[in-house]
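Enquirer: Got a predicted structure plus its sequence, pasted below:
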Amino acid sequence: MPSFEFIQALIKPANKEVCLTAFIDESLAEFIELESACKEYKILPQGGGLLDQLAIYLDAFQVIRGEKVKYENKRNKEAMANIKKPTSESKPKRAGRLG
C-alpha cells in the first residue's frame, strides 16, 4: 500500500476527503516516502551496509513499519470479523458408505 493511502486510511473520516498536509509536516512525509522507496527498490538510504546508516533513518523506518503493521492487523481483524461462520445448512454432507 502506498504511504499516501496508508496515512489517509488512518485519519480519513467516513465519506469525507482529507487534506493530509494538514496533519503531517514535511519531514514526516519525506521519511514516509523514503521508507517506501527503500523498501520498493530494496536499497538503503545511504551507501554502505545497515551499520553505516544514520540512526534517525533506522528509527523512523522502524516506527513507520510498526504503524503499517498495526494498520494491516486492524484491517485483517475487521475482515475476519466480517466473514460469516458456516451454519449447519451450509456444511457439505458426508457421502454414505460404499459397499
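Expert: Cool, got the structure. Residues are numbered from 1 along each chain as shown.

Enquirer: From here on, just use CA atoms for contacts and neighbour counts.
Expert: Fine.

Enquirer: Which parts of the chain are helices?
Expert: Counting by DSSP state H, one finds helices in the chain at the ranges 3-11, 26-41, 55-82.

Enquirer: Can I get those in JSON lines including distance to residue 47?
Expert: Rendered in JSON lines, the data for the helices of the chain read as follows (distance: least, Cα to Cα, whole Å):
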{"stretch": "helix 3-11", "distance to residue 47": "24"}
{"stretch": "helix 26-41", "distance to residue 47": "12"}
{"stretch": "helix 55-82", "distance to residue 47": "13"}
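
Enquirer: low pLDDT regions in the chain?
Expert: Counting by pLDDT under 70, the ranges of the chain that qualify are 1-23, 84-99.

Enquirer: on that earlier part again, closest to residue 49 out of the helices of the chain?
Expert: Residue 49 lies closest to helix 55-82 among the helices of the chain, at 12.0 Å (Cα to Cα).

Enquirer: Including mean neighbour count, could the helices of the chain go into CSV?
Expert: Shown next, in CSV, are the helices of the chain (neighbours: other Cα atoms under 10 Å):
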stretch, mean neighbour count
helix 3-11, 14
helix 26-41, 14
helix 55-82, 13
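
Enquirer: In CSV, please show the C-alpha coordinates belonging to stretch 30-45.
Expert: Included here for stretch 30-45 are C-alpha records, laid out as CSV according to Å, rounded to 0.1, in the frame of the first residue of the first chain:
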residue,chain,number,x,y,z
GLU,A,30,9.8,12.8,3.4
PHE,A,31,10.6,9.9,5.8
ILE,A,32,7.5,8.0,4.7
GLU,A,33,8.3,8.4,1.0
LEU,A,34,12.0,7.5,1.7
GLU,A,35,10.9,4.3,3.6
SER,A,36,8.6,3.3,0.8
ALA,A,37,11.2,3.9,-1.9
CYS,A,38,13.9,2.0,0.1
LYS,A,39,11.5,-0.9,0.5
GLU,A,40,10.3,-0.9,-3.1
TYR,A,41,13.8,-0.7,-4.6
LYS,A,42,15.5,-2.8,-1.9
ILE,A,43,18.1,-0.2,-1.1
LEU,A,44,19.3,1.6,2.0
PRO,A,45,19.0,5.4,2.2
